[in-house]
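# got a predicted model here, sequence first, then my questions.
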Amino acid sequence: MDQNELKRAVARAALAQLVDDAIVGVGSGSTVDLFIDELAASGRRFAGAVSCSENSTRRMRGHGIKVLDFNEVVRSGEPIPVHVDGADEIDPGMCMIKGGGGALTREKIVAAAVGRFVCIVDRSKCVEVLGNFALPIEVIPMALELVCRELRAIGATPRLRADFITDNGNLIVTAAGLAISDPVALESEINQWPGVVCNGLFARRPADLALVAAPEGVQALTARHA
Ligand code: 5RP
């Protein structure tokens with residue numbers, strides 16, 4: 001099975017997690033693109049979706065899926081029992097690095113409003129310690145150099161993602177060279193820096209369930225506590 005087949009297998013497996021007639025949270029990225037396709041083809045009954053990126057919104061609308069305004073949903077108090085999103089890395093505690101597609105801020109906003117976060121990945125994304133994947137950080141343009149300086153001070157190598165503007169009109173800086181032993185602490189620290197909109201550590205609100213695709217099948221994992 002190639003990586004795309006693994007992504008499709010895990011995208012399909014996520015359908016079993018959905019709650020009938022409820023709103024579903026839909027993340028972003030190539031695995032989620034396949035989830036959107038599977039969702040549209042599934043015939044499942046659901047009340048519409050909240051979206052984490054313009055790309056996901058376009059893809060859903062292309063399939064005729066109703067994309068709901070996130071603020072309207074939150075204001076209405078209507079629950080979003082399940083949210084399905086990918087990750088760039090996930091550790092045994094279900095903490096993740098996300099943002100490879102640059103949608104981390106909207107992904108984190110939606111994740112904060114949902115019941116269960118179901119992370120869909122292939123096995124290559126499972127790591128013991130986060131940080132091999134350079135951590136994406138969404139930065140207000142004026143703060144670029146300041147944030148890069150802060151990153152160097154904690155031992156990271158920052159790099160501006162070239163020719164990329166987020167859906168919110170900001171920049172993405174990636175931080176390489178971090179072995180992230182305390183993801184909760186680092187997530188909180190980086191979020192304190194002026195000009196940082198959001199960083200791609202999802203540790204304060206980790207996934208509740210990881211569906212992990214491997215050639216042998218899709219495995220369901222929850223947090224492993226030491
Ligand atoms: C986008 C994300 C994606 O979920 C993450 O990058 C994984 O993407 P893919 O499924 O393409 O490997 O966080 O901001």
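Looks like it arrived, so ask away.
# in this protein, which ranges drop under the pLDDT threshold?
The model of the chain has pLDDT under 70 over residues 225-226.
# how many other residues sit next to N4?
N4 is flanked by 12 other residues according to other C-beta atoms under 10 Å. All C-beta spots, glycine's among them, are computed from the backbone N, C-alpha and C.
# please read the previous query as pertaining to D208.
17.
# which residues touch it?
For D208, the contact set (C-beta atoms under 8 Å, 6 or more residues apart in numbering) comprises 94, 116-118, 222.
# again, but for C126
89-91, 210, 212 are the contacts of C126 under C-beta under 8 Å, 6+ apart.
# mind listing what's buried along stretch 123-134?
Across stretch 123-134, burial judged by 16 or more other C-beta atoms under 10 Å covers 125-127, 130-131, 133-134.
# now do stretch 143-153
143-144, 147-148, 150-151.
# same thing with stretch 165-184?
Neighbour-count burial for stretch 165-184 flags 166-167, 170-175, 178, 180, 183 (criterion: 16+ other C-beta under 10 Å).
# stretch 92-110 too?
Buried residues in stretch 92-110, counted by 16+ other C-beta under 10 Å: 92-108, 110.
# so which of these also contact the ligand?
Restricting the buried residues of stretch 92-110 to those within reach of the ligand (C-beta under 6 Å from any ligand atom) leaves 98-104, 107.
# near the ligand, which residues of this protein show up?
Going by C-beta under 6 Å from any ligand atom, the residues of the chain near the ligand are 27-31, 85-88, 98-104, 107.
# which members of those residues occur in helices, if any?
Judged by DSSP state H, helices contain the following of the residues of the chain next to the ligand: 30-31, 104, 107.
# which of these sits closest to E72?
E107 (18.9 Å; C-beta to C-beta).
# wait, what's in contact with that closest one?
Applying C-beta under 8 Å, 6+ apart, we find E107 in contact with 27-28, 52-53, 85, 98-99, 202.
# just flag the most distant two among the residues you listed.
Largest separation among the contacts of E107 by C-beta to C-beta: S53 and F202, giving 15.3 Å.
# these two - which one has more neighbours?
F202 (26 against 23).
# which residues does the residue nearest to the more buried one when sequence neighbours are not counted form beta bridges with?
Closest residue to F202 in three dimensions, ignoring its sequence neighbours and counting by C-beta to C-beta, 6 or more residues apart in numbering: M96, at 4.3 Å. Beta-bridge partners for M96, by DSSP bridges, are I90, F202.
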